[in-house]
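S.K.: Following is a predicted model, sequence given first.
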Amino acid sequence: MTRCDVSRLAPVVAVLAVFLVGCTTTMANVEKSKMQQSKTTESPVAPVAKQVEHPMTMHGHLRNDPYYWMRDDQRKNEEVLAHLAKENEYTAAILAHTEKLQSTIFEEIKNRIKKDDSTVPYLKDGYWYYRRFEKGKEYAFVCRKKLELTAPEEIILDINAEATGKDYYSSAGLRISPDTKLLAFGEDTLSRRIYTLRFRNLETGKDLADRIEGTAGNSVWAADNKTLFYVKRDEKTLRAYQLYRHSLGTPASKDVLVYEEKDDTFHISIDVSKSKKYLLLSSDSTLVSEVRTLPADTPDAEFRVFLPREKEHEYEVDHANGLFYVRTNWQARNFRLMSTALDDTDDKGKWKDVIPAAAETFLADFDLFKDYLVVNERRDGLKGIRIIPWGEPKNAYAVDFGEELYNANLGYNPQLDSKVLRYGYSSMVTPHSVFDFQLETRKRELKKQDEVLGGYDAKNYLQRRIEIKARDGESVHVSLVFHKDLDRSKPQPVYLYGYGAYGHSMDPYFSHSRISLLDRKMIFAMAHIRGGQERGRRWYDEGRLQKKMNTFTDFIDVAKALVDKGFTSADKLVASGGSAGGLLVGAVANMAPEAFKVVVANVPFVDVLTTMLDESIPLTTFEYDEWGNPNEKAAYHYILSYSPYDQVEAKDYPHILVLTGLHDSQVQYWEPAKWVAKLRQLKTDKNRLLFKVNMEAGHGGASGRFRRFKELALEYAFIFDILDIR
């Protein structure tokens, strides 16, 4: 778990985080007239947080944090909650005149999504599994059919029923026992990503008495159908650090602690191999991995270390066809695939190359079949799929997608002996599609393409990729999508999104919600800045630790290049990012506020230095290799140089909108709350600074299929209002 937010990274990206700025009691006359349409006769007054001296000294350097008092780990401090409520009231008052626009946008987005939809079924252990949605329901029904798709439907989990009466509900880690008779699943009702494991007899439909609290939602069954291994979180730091063994029918208090990760820079996870013969326990930090294996049919035995952890060695393991396969960066910066027998796992010298290291190709993922090896490889910023018949590397071939920009990922392929590869595909103009690819005949079948209601036609939109030169001469890719009727003869509004952290690559993907931008003749741009792995491992290494500043300067240089190339102008440019991307836009707002009209920061990681000095805060310890350990003097001062909260100054800032969730488990709510308070204290402009706190949600925003789009509609309305877009 990192501060990366896949779910929030999405509506604009598939939800990928976003949110903007605004503040002030006095605005330009046009904005005053808009405000006067609200129910109050006087302009709303922005909340002013009290200041309490809180000196902190490290390495001989003194910092004062007058808003430190806003931190409340229990989320029960009445003064803090009252302040957050005032922020919400202020935001609602300032945006009251946009309520109709918000409603319009929300309905636009919701009405593009098919209400009675379903996923493409996949076959596993004699059952076809799928999820389906019904009109008027926020959550899915998890279903299966035995042997044939024409068989009667069996609903194994009605998430709507489970979520009834709850402000927030999330299910995770659904695991079917090997004999297909039992279901284990986790549920979170607070959005802290701490799950209670529950169990259901699928033959009777009755829940078992077994309940396990405080888990990460991650579990696997042993081959005996009665033993389950699960991961527990530390209640305070939320680190996944303990593996327990549970026997059905016994109380959780009797569960056996199998492994505890003592190094607090690591977290653990549990999975099962493709062959189903081994359980795989992984311990991971940012730059180091260690895997333990256990035969699935001997649950009472001890896990065996596959290869002891080594400095800066990352590896992952799977098993099939009698061998272990290892994706490793040992003597391979961009990773390679190797194989080994069980007896040789701890001797890398005996491992054999399956896919050798390549300087220009990044090995992103792999999947194992009886007769084929399939790999996801990234070249020149784009991720493709290559098929390799076992023992016939010369007959390898790549899947042709036929578009300039695209996003292709290996799908869920649980059957080892299958001759069909399932993969997912989309582009910035092509809705998410699921294909079945015949590995022998090379024929592909479109199983489903997400239906976009409302008359969407991909031919009405254009996608492009451009390269810009960063200040140090490095080339940075930018993916663009816009309406074909856009007037390119003059600058147009641009929504510029970036992330740039953890090696997470931002691929060109489709978004239903983004159409609301494009149809209003706004360009959506994605900056593939350093800190991701779009251009291989080097791209990541050049955007972390003592080179983190490259992430911010790349984004600023992209913004300025879009202006220089005539796409936009500074007074039409929106910067958006979420989580670690919120750190990005917070940093660039300090470094180059004149480059942007609007900044949107969603669940932003903005108090970097204080957080990275506090080992009790979730994610801190195992992110030292990402940001640096500020207990070391050099790392302390480098983080200080860009930490958005620490670098707020008395100067003009863009319009800013900030969104967060009270129960956020990855970026604590007090980070954006403090940042907003300090901005209000110091900024010299009259632009809007608005802060919206979802009091029921966490890092991923509201639960449910449609409710999350209300916050996105608020964000879009804020942007459109500032840029005078209707």
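M.R.: Happy to help now that I have it. Numbering: from 1, shown residues only.
S.K.: Now do the strands in the stretch 151-300 of the chain.
M.R.: With DSSP state E, counting those that start in this stretch as the criterion, the stretch 151-300 of the chain has strands at 154-158, 170-176, 182-188, 195-201, 207-221, 227-233, 240-247, 256-260, 267-272, 278-284, 289-295.
S.K.: Ok, which of these comes nearest Val574?
M.R.: With Cβ to Cβ as the measure, strand 170-176 is the member of these nearest Val574 (29.6 Å). C-beta here means a position set from N, CA and C on the backbone, and glycine is covered the same way.
S.K.: What strands line up against the closest one, and which way round?
M.R.: Paired with strand 170-176 in the same sheet, following DSSP bridges, are strand 182-188 (antiparallel).
S.K.: who touches the strand it pairs with?
M.R.: 156-157, 162, 168-177, 194-202, 208, 215-219, 221, 225, 228, 248 (Cβ atoms under 8 Å, 6 or more residues apart in numbering).
S.K.: Just want the angle from that strand to strand 207-221.
M.R.: Calculated by axes from the mean of the first three to the mean of the last three Cα atoms, to 10 degrees, strand 182-188 forms an angle of 90 degrees with strand 207-221.
S.K.: Buried residues in strand 182-188, which are they?
M.R.: The neighbour-count check on strand 182-188 (16 or more other Cβ atoms under 10 Å) flags Leu182, Leu183, Ala184, Phe185, Gly186, Glu187, Asp188 as buried.
S.K.: So what pairs up with the fifth one in the strands?
M.R.: Beta-bridge partners for Gly186, by DSSP bridges, are Ala172, Leu197.
S.K.: Stretch 602-619 - what's its average pLDDT?
M.R.: The pLDDT scores in stretch 602-619 average 89.
S.K.: in that stretch, what counts as buried?
M.R.: 602-613, 617-619.
S.K.: Return the subset of those residues lying in strands.
M.R.: Using DSSP state E, the subset of those located in strands is Asn602.
S.K.: Low-confidence stretches in the stretch 251-400 of the chain?
M.R.: Low-confidence segments of the stretch 251-400 of the chain (pLDDT under 70): none present.
S.K.: One more: the chain?
M.R.: In the chain the weaker segments, taking pLDDT under 70 as the threshold, are 1-41, 618-619, 697-705.
S.K.: what are the ranges of the helices in it?
M.R.: Listed in chain order, the helices found in the chain under DSSP state H are 29-35, 78-94, 99-111, 159-163, 515-518, 537-541, 549-564, 580-591, 608-612, 624-627, 633-642, 670-682, 708-723.
S.K.: Identify the residue nearest Lys683 in space, chain neighbours excluded?
M.R.: Of all residues not flanking Lys683 in the chain, Tyr653 sits nearest, at 4.8 Å (Cβ to Cβ, 6 or more residues apart in numbering).
S.K.: Isn't that neighbour up against Met591?
M.R.: No - the criterion here is Cβ atoms under 8 Å, and Tyr653 misses it with Met591 at 11.4 Å.
S.K.: which of the two has more neighbours?
M.R.: Between Tyr653 and Met591, Tyr653 has the larger neighbour count (other Cβ atoms under 10 Å), namely 22 against 16.
S.K.: Who are the contact partners of the nearest residue in space to Leu682 that is not next to it in sequence?
M.R.: Using Cβ to Cβ, 6+ apart and skipping residues adjacent in sequence, the residue nearest Leu682 is Ala650, 4.7 Å away. Ala650 makes contact with Leu682, Lys683, Thr684 under the criterion Cβ under 8 Å, 6+ apart.
S.K.: Please apply the same query to Val599.
M.R.: Contacts of Val599 by Cβ under 8 Å, 6+ apart are 20-21, 574-576, 585-586, 588-589, 653-657.
S.K.: May I have the beta-bridge partners of it?
M.R.: Ala575, Ile656.
S.K.: Numbering from 888 from now on, please.
M.R.: OK, 888 is where the count begins now, so the last one is Val1486.
S.K.: Format the helices of the chain as CSV; extra columns: distance to Gly1341.
M.R.: Output for those, formatted as CSV (distance: least, Cβ to Cβ, whole Å):
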stretch, distance to Gly1341
helix 916-922, 28
helix 965-981, 29
helix 986-998, 6
helix 1046-1050, 25
helix 1402-1405, 8
helix 1424-1428, 37
helix 1436-1451, 29
helix 1467-1478, 29
helix 1495-1499, 41
helix 1511-1514, 41
helix 1520-1529, 42
helix 1557-1569, 34
helix 1595-1610, 14
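S.K.: Correct me if wrong: Ile1272 contacts Ala1283.
M.R.: No - Ile1272 is beyond contact range of Ala1283, at 11.1 Å (criterion: Cβ under 8 Å).
S.K.: ok, back up a step: which of the contacts of Val1486 ranks first by neighbour count?
M.R.: Most crowded among the contacts of Val1486, counting by other Cβ under 10 Å, is Val1472 at 36 neighbours.
S.K.: and the gap between Leu1070 and Asp1097?
M.R.: Using Cβ to Cβ, to the nearest Å, Leu1070 is found at 12 Å from Asp1097.
S.K.: Which residues are in contact with each of the two?
M.R.: Phe1086.
S.K.: show me the contacts for Lys1198.
M.R.: Leu1174, Val1175.
S.K.: what about the nearest residue to Tyr1117 once chain neighbours are set aside, how many neighbours?
M.R.: Excluding the flanking residues, the one nearest Tyr1117 by Cβ to Cβ, 6+ apart is Ser1106, at 3.9 Å. By other Cβ under 10 Å, 25 other residues sit near Ser1106.
S.K.: Ser1106 against Thr1083, yeah?
M.R.: No - with contacts counted by Cβ under 8 Å, Ser1106 stays clear of Thr1083, the gap being 11.7 Å.
S.K.: Show me what Arg1120 is bridged to.
M.R.: Residues in beta-bridge contact with Arg1120 (DSSP bridges): Ala1127.
S.K.: Contacts only, for it.
M.R.: Arg1080, Ile1081, Gly1101, Thr1102, Ala1103, Arg1126, Ala1127, Tyr1128 are the contacts of Arg1120 under Cβ under 8 Å, 6+ apart.
S.K.: Then Val1316?
M.R.: Residues in contact with Val1316 (Cβ under 8 Å, 6+ apart) are Ala1345, Tyr1348, Leu1349, Gln1350, Val1368, Phe1397.
S.K.: List buried members of the residues you listed by neighbour count.
M.R.: Tyr1348, Leu1349, Gln1350, Val1368, Phe1397.
S.K.: The second one and Ser1314: what is the separation?
M.R.: Okay, so that is Leu1349. From Leu1349 to Ser1314 the distance is 11 Å (Cβ to Cβ).
S.K.: before we move on, what about the third one?
M.R.: Separation of Gln1350 from Ser1314 (Cβ to Cβ): 6 Å.
S.K.: now the last one
M.R.: For Phe1397, the distance to Ser1314 under the criterion Cβ to Cβ works out to 7 Å.
S.K.: hey, what's Arg1309 bridged with?
M.R.: Asp1323.
S.K.: Could you pull up the residues touching it?
M.R.: Per Cβ under 8 Å, 6+ apart, neighbours of Arg1309: Val1007, Tyr1009, Gly1298, Tyr1299, Asn1300, Val1321, Phe1322, Asp1323, Phe1324, Lys1334.
S.K.: can you pull the contacts of the fourth one?
M.R.: The neighbours of Tyr1299, taking Cβ under 8 Å, 6+ apart as the test, are Tyr1009, Arg1309.
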